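Trainee: this one's structure only:
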């Protein structure tokens with residue numbers, strides 16, 4: 001089972017069940033494409049929400065036809081902690097701050113001098129700077145057949161409805177025709193997994209965790225390969241995925 005707070009890694013049967021259930025609900029083409037991108041490319045919900053058509057397809061001059069690309073190039077601005085087109089911007093509120101001992105002693109002396117001079121003291125002026133994530137770009141081959149079929153069918157559907165696509169058009173649009181916010185798409189993906197498919201502890205991160213776990217445990221690829229796919233800056237983040245998946249634990253406990 002996943003650790004507390006971690007998204008569930010789906011078994012092959014659960015993935016098959018998920019896509020079967022999606023086909024029975026409204027907007028099956030769009031929802032299938034969203035989840036295929038999650039499970040076959042390992043993109044975060046924020047990254048999927050920010051995707052534009054130009055990242056997956058080359059349009060003709062009139063925007064009435066397209067050709068899928070072989071490689072999706074994910075800009076650094078789309079990745080975790082980054083701000084892309086002000087759509088993924090979030091406000092950070094500090095809950096705690098920390099200093100090394102030397103810095104703390106210097107700040108105390110600063111405050112003492114200011115206090116003696118009668119100057120106004122604003123605590124926030126002495127907070128250490130927030131470390132900002134810059135994000136990391138990555139190129140991922142779009143070689144999976146089911147992924148390509150899902151994207152083809154979804155984009156063709158939009159064109160048959162009379163929509164003229166632009167390179168900068170959002171890849172996935174809401175019922176109102178606008179782009180998903182990262183939070184809205186995150187909730188929608190969780191809805192498909194937990195409410196529609198009934199998979200406990202699953203979340204929008206389940207596709208990503210399932211892919212990276214598969215790469216490490218079943219395909220026996222190196223952590224370096226998994227790190228490249230995931231777009232992790234630090235390999236220590238990728239190593240978390242070396243935890244045995246649920247199906248292996250079930251197998252070990254089945255015939256005691």
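Mentor: Perfect, I can see it now. Keep in mind that what you see is a predicted model, and the values were worked out from it rather than measured.

Trainee: give me the low-pLDDT residue ranges for the stretch 1-150 of the chain?
Mentor: Low-confidence segments of the stretch 1-150 of the chain (pLDDT under 70): 1-5, 80-95, 130-136.

Trainee: which residues in it form helices?
Mentor: 12-23, 28-41, 45-50, 101-117, 145-160 (DSSP state H, counting those that start in this stretch).

Trainee: Out of these, indicate the one that is most buried.
Mentor: helix 45-50 (a mean of 26; mean count of other CB atoms under 10 Å). C-beta coordinates here come from the backbone N, C-alpha and C atoms, glycine included.

Trainee: same for that one, what does it pack against?
Mentor: Contacts defined by 3 or more CB pairs under 8 Å, 6 or more residues apart in numbering; DSSP states H and E place helix 45-50 against helix 28-41, helix 182-190.

Trainee: and the ones you listed as a markdown table, adding distance to residue 117?
Mentor: A markdown table is the format used below for the helices and strands packed on helix 45-50 (distance: least, CB to CB, whole Å):
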| stretch | distance to residue 117 |
| --- | --- |
| helix 28-41 | 57 |
| helix 182-190 | 46 |
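
Trainee: Figure out which of the ones you listed is closest to residue 229.
Mentor: With CB to CB as the criterion, residue 229 lies closest to helix 28-41 of those, at 8.0 Å.

Trainee: and the closest one, how far out from the chain's middle?
Mentor: In terms of CA atoms, centre = their mean, to the nearest Å, the centre of helix 28-41 is found 13 Å from the chain centre.

Trainee: Using the three-state scheme, assign residue 175.
Mentor: Classification of residue 175 by DSSP: H, G, I helix; E, B strand; the rest coil places it in coil.

Trainee: Residue 153 versus that one, what's the distance?
Mentor: Relative to residue 153, residue 175 is positioned 18 Å away (CB to CB, to the nearest Å).
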